[in-house]
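> structure for the following, please:
(one chain, ligands or ions: 1)
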Amino acid sequence: MALHETHDSNDNLSSRPVFAIDDKVQVPKYSLPDGEMSQDAAYQLVHDEVMLDGNARLNTATFVTTWMEQEARQLINETLDKNMIDKDEYPQTAELERRCVNIIGRLWHADEGSGNATGTSTIGSSEAAMLAGMALKWKWRERMKAAGKSTERPNLVMGTNVQVCWEKFCRYWDIEPRMVPVEEGRMHLTADKAVEQCDENTIGVVAILGSTFDGSYEPVDEISAALDELQAEQGLDIPIHVDAASGGFVAPFIQEDLVWDFRLPRVKSINSSGHKYGLVYPGVGWVVWRNKESLPEELIFKVNYLGGEMPTFAINFSRPGAQIIAQYYMFLRLGRDGYKRVQSACQGVAMHLADGFEKSGPYEALTRGDELPVIAVRLKPEVTDFTVFEVSHELRALGWLVPAYTMPPNLEELAVLRVVVRNGMTTDLADMLISDIKKVTDELSGQPASRTRHSSFHH
Ligand SMILES: Cc1ncc(COP(=O)(O)O)c(C=O)c1O
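Model prediction:
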């Protein structure tokens, strides 16, 4: 959540003259109005405010779903009043959550393990990361206490390309983040670098299936094999958590042979965002543990449920149930074939865009959409007269939101444009973007760099 400062402004809202808001009634912007207004006037005022936001269809910056079909919207409207924590009042919503956890667990091959995988919905991958991270910390502490060792200095190993939720987790739960820097030609965590950072205080290694920076997959199987070797040599048994915020709903459909999930015994938990490639509006995420043993009992709270008790593990209490219902709808509606069709289409468009970028100017694609349907593109080193920040800025003037940003520490000199291809980005739309990129590139070429380098994009 953004932190907003309060201030003393006495500004009033201005409205269209045709509105029937009584001239004498002032509508303050930053304090509660004294009087009421009609619902149509209130609706129109708020509607007009949010109209100024960017156009979701031209937003290639976000991983999060911006379109669902009418029937899904209708279900969401019908179920907006359900609080998913009230399991007793809404047992059927709880049942749909249970079915989703089962479906997702099987998608990630939990059924090939010990058979008692456990999971929950969350508000998104960030909450899921907090829960999975806590489970790692608690399990590590149990191990250390049993060995009579200090539990003072836990650390978590990951690449500097992690999403900010992992930095938050470390800061909020007092854990040393052991960040492996990216470098030219290596944009994410690799097995050897991960193992170098591990010691007896390592609560786990986070491997990302779908780096936020460029959409590339970290080699979970290689990291796992290297940790197996470490265990054989030094006796350190270090678990892996896979942050599959985006890839968790992509790889099972279009990279079925990639082994990254519970097929690897060392993978103890996985998170994903239902609201990204799970194709549901924000906010729903998922986290699944391979078995009950990976989830410490101490972290589980029981809520009353139909005269009994239901175990819960969450940071929030009240939370909308509608997105969970919408996730179940999407599973029924698309099935395996439908998800495969959607994700393959996105991948095709991403690859088309990577080619389009390279053909329309001095660009080099660092990722081409063959892992996540995401491309990261840089300007060729010989281009010195403009920057990707200017390209992003000019595209914005044409309505496109294509973020430009620098890569994480150690590679800050490398600035890229990133396009996330989501359900609904058609080849036609991609061609329009390519044509605008060409136009903008032609305009910028040869002009002296005039704008300051800035980015409005944050991870
Ligand atoms: C790899 C990764 N992890 C975690 C997150 C956070 O996900 P959410 O927005 O669902 O909290 C993101 C968001 O982009 C991500 O890309």
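
> can you give me the end-to-end distance of stretch 151-167?
One end of stretch 151-167 to the other measures 20 Å (C-alpha to C-alpha, to the nearest Å).

> same deal with stretch 258-276?
Span of stretch 258-276 from end to end, C-alpha to C-alpha: 20 Å.

> got the residues of this structure near the ligand?
Residues of the chain found near the ligand (C-beta under 6 Å from any ligand atom) are 63, 124-126, 163, 165, 208, 210, 212, 243, 245-246, 273, 285. Just so you know, the C-beta spots here come from the backbone N, C-alpha and C atoms, and that holds for glycine as well.

> can you lay out those residues as TSV showing neighbour count?
TSV is the format used below for the residues of the chain next to the ligand (neighbours: other C-beta atoms under 10 Å):
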residue	neighbour count
F63	19
G124	23
S125	28
S126	20
Q163	22
C165	22
I208	26
G210	29
T212	21
D243	30
A245	29
S246	29
S273	28
G285	28
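
> tell me which entries of those lie within strands.
Among those, the ones falling in strands (DSSP state E) are 208, 243, 273, 285.

> what's across from the first one in the sheet?
What it means is I208. D243 (DSSP bridges).

> that one and K438: what is the separation?
32 Å (C-beta to C-beta, to the nearest Å).

> identify each buried residue in whatever helix or strand Q44 lives in, please.
Using DSSP states H and E, Q44 falls within helix 39-50. The neighbour-count check on helix 39-50 (16 or more other C-beta atoms under 10 Å) flags 41, 44-45 as buried.

> what does stretch 345-358 give?
Going by 16+ other C-beta under 10 Å, stretch 345-358 has these buried residues: 345-347, 349-354, 356-357.

> what does stretch 428-443 give?
429-430, 433-434, 436-437, 440-441.

> give me the beta-bridge partners of the nearest residue to G124 once chain neighbours are set aside?
Excluding its sequence neighbours, the residue lying closest to G124 (C-beta to C-beta, 6 or more residues apart in numbering) is G285, at 4.2 Å. As for beta bridges, G285 partners with T122, S273 under DSSP bridges.

> contacts only, for G285.
Applying C-beta atoms under 8 Å, 6 or more residues apart in numbering to G285 gives the contacts 121-128, 245, 271-275.

> before we move on, what about H188?
Contacts of H188 (C-beta under 8 Å, 6+ apart): 159, 161, 182, 208, 211, 213-214, 216, 218.

> which one of the contacts of G285 is nearest N12?
I123 (34.4 Å; C-beta to C-beta).

> okay, now that closest one: neighbour count?
Neighbours of I123 under the rule other C-beta atoms under 10 Å: 19.

> would you mind measuring from it to P154?
Counting by C-beta to C-beta, the gap from I123 to P154 is 25 Å.

> and the strands in the protein?
118-122, 155-159, 176-180, 202-208, 240-243, 267-273, 285-289, 301-305, 308-312, 363-368, 374-379, 404-406, 415-420.

> now for the first one, which elements pack on it?
Right, strand 118-122. Using 3 or more C-beta pairs under 8 Å, 6 or more residues apart in numbering; DSSP states H and E, the elements in contact with strand 118-122 are helix 91-107, helix 125-146, strand 285-289.
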